[in-house]
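1. Quick one, fold the following:
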Amino acid sequence: MNLRRKRIEALTTVWSIVISKPDLKREEVVEILRSVYESKSIEPIRGVGNPPDLYDKELSSLYVIGKWGLGIDKDLQEDVLRKVFSLEIQFELMWNALREATSKEGFCKELGDLCNRLDEGLAARFLRFIFTLYYFGFIKFEELVSLLKKLYSFFENLQDTVRRFTKFVIAYEIGVRIDSGKLKTALELNMEKNLLALNIGIPKAVPSTSYIVEVSKHFFTLPNSIVKNLLKTEDKKEGKGEFDV
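-> Next up is the predicted model:
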């Protein structure tokens, strides 16, 4: 079964439990999510690392599928949603503000103090939320790129965070092409990753081949023969500053 579909089924299962117990706290929902995922032998959306707060981060997926996929927000009281998804609701506000903004001032005007608290950690989680919307098909790739470029241009102090996350996005996109059979050789991969980075337009955002392969393994089932072939000409100097989602 397609891994994305398995994640959606698992998230739907979690929601069936959550809506039957409206008094659950955030940390309790995180543990339910962990239990359901483990029972189905799947894992949260992630890069190459496995941070301790990974399942808390995965609440973005639960929120996105619940609201845009299942419309559950219409059936739950707002205070119930806010109790569990206060952070994800903030990310949604940031997403809507960034979509409309043409300047940092315009973006911050809509967010007030939240804009002042936008440090590297919060920005990384916000970018993960945006990617989650894309991964599950609720925004297009063009919007994802537009949002990355806006955040990069609006906040000089967040440029490295955006650059590293862009490497993750490119790695995922290359994984899509490997999975579909469009890329089979190291030469094809190198050409495609450089072209993608050029089209996105964020400097120094080309991921290493090994990083691409490691990220792709969390989203697709890649044949070992293809992986071995892609890694033949890996440049050992590549890979600095790559992202842990």
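2. Residue ranges of each domain in this structure, please.
-> Using automatic domain parsing, the domain parsing of the chain gives 1-93+117-140, 161-245.
3. rank those by mean pLDDT and give me the bottom one.
-> When the domains of the chain are compared by mean pLDDT, domain 161-245 comes last with a mean of 86.
4. Quote the end-to-end distance of that domain.
-> 11 Å (CA to CA, to the nearest Å).
5. again, but for stretch 216-229
-> End-to-end distance for stretch 216-229: 15 Å, by CA to CA.
6. tell me the secondary structure for R177?
-> Here R177 is recorded as helix under DSSP: H, G, I helix; E, B strand; the rest coil.
7. Does it touch M191 like I think?
-> No. Between R177 and M191 there is no contact under CB atoms under 8 Å: 11.0 Å. Every C-beta, even on glycine, is put in place using the N, C-alpha and C of the backbone.
8. Which of the two has more residues huddled nearby?
-> Set R177 next to M191 and count neighbours by other CB atoms under 10 Å: R177 wins out with 17 against 12.
9. quick one on the thing from earlier: which one of the domains of the chain lies nearest to K109?
-> domain 1-93+117-140 (12.6 Å; CB to CB).
10. Find out how far the closest one is from the centre of the chain, if you would.
-> Computed by CA atoms, centre = their mean, to the nearest Å, the chain-centroid distance of domain 1-93+117-140 equals 11 Å.
11. do the same with stretch 96-106
-> For stretch 96-106, the distance to the chain centre is 20 Å (CA atoms, centre = their mean).
12. Please renumber the chain so that the first residue is 744 from this point on.
-> In the new count, where the first residue is 744, that last one comes out as stretch 839-849.
13. Give the buried residues for that stretch.
-> For stretch 839-849, burial by neighbour count (16 or more other CB atoms under 10 Å) applies to A840, L841, A844.
14. what about V823, neighbour count?
-> By other CB under 10 Å, 16 other residues sit near V823.
15. Phi first, then psi, for it.
-> V823 has phi and psi values of phi -70, psi -40 when expressed as degrees, to the nearest 10.
16. Ok, K810 next?
-> Main-chain dihedrals, K810, degrees, to the nearest 10: phi -80, psi -50.
17. Let me know whether it touches D816 as I believe.
-> Yes. Contact criterion CB under 8 Å: K810 and D816 qualify, at 4.7 Å.
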